[in-house]
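*Asks:* Output the structure for:
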Amino acid sequence: RDDLLLVAEVLLRRESRVSRQATAGEEGRHDPLLTTELHDVLRKSPENRLKWLQKALINVAKGKLHNQVVYNVIAHRRFGISVPPAVNRQMHEQAFNNLHHF
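*Replies:* Sure thing, here's the model as predicted:
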């Protein structure tokens with residue numbers, strides 16, 4: 001009976017899985033709203049600047065973006081030019097509510 005045993009070897013090659021955190025981080029870097037170049041941000045419409053500010057403050061809170069970079073953009077004199085009062089109020093509230101990050 002022992003001479004009927006089969007010798008077999010099983011090999012399994014697994015592909016490494018990419019974690020959700022790694023893919024989320026890559027998506028955040030390629031998001032066009034998160035550019036920190038001053039001339040790119042200033043070219044945006046006031047409503048899109050508000051959206052950029054909200055996303056930038058979220059990324060500062062998560063530690064994905066350095067607070068000094070965002071501060072340099074929002075402290076520029078042209079960041080608030082030609083912004084309607086309602087949008088300006090929202091920008092002010094967002095910056096004031098996240099002041100502890102700066």
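*Asks:* and stretch 54-73, average pLDDT?
*Replies:* The average pLDDT for stretch 54-73 rounds to 89.
*Asks:* which stretches of this structure form helices?
*Replies:* 20-29, 38-42, 46-62, 67-74, 85-97 (DSSP state H).
*Asks:* Switch the ones you listed over to JSON lines; also include distance to residue 8 and mean neighbour count.
*Replies:* Just so you know, the C-beta spots here come from the backbone N, C-alpha and C atoms, and that holds for glycine as well. Converted to JSON lines, those look like this (distance: least, Cβ to Cβ, whole Å; neighbours: other Cβ atoms under 10 Å):
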{"stretch": "helix 20-29", "distance to residue 8": "36", "mean neighbour count": "10"}
{"stretch": "helix 38-42", "distance to residue 8": "60", "mean neighbour count": "14"}
{"stretch": "helix 46-62", "distance to residue 8": "50", "mean neighbour count": "17"}
{"stretch": "helix 67-74", "distance to residue 8": "58", "mean neighbour count": "16"}
{"stretch": "helix 85-97", "distance to residue 8": "64", "mean neighbour count": "13"}
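*Asks:* how about the ones you listed, which one is nearest residue 12?
*Replies:* helix 20-29 (23.3 Å; Cβ to Cβ).
*Asks:* Any idea how many residues pack against residue 75?
*Replies:* Neighbours of residue 75 under the rule other Cβ atoms under 10 Å: 11.
*Asks:* hmm, back to that, turn the helices of the chain into JSON lines, columns for distance to residue 10.
*Replies:* Shown next, in JSON lines, are the helices of the chain (distance: least, Cβ to Cβ, whole Å):
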{"stretch": "helix 20-29", "distance to residue 10": "30"}
{"stretch": "helix 38-42", "distance to residue 10": "54"}
{"stretch": "helix 46-62", "distance to residue 10": "43"}
{"stretch": "helix 67-74", "distance to residue 10": "52"}
{"stretch": "helix 85-97", "distance to residue 10": "57"}
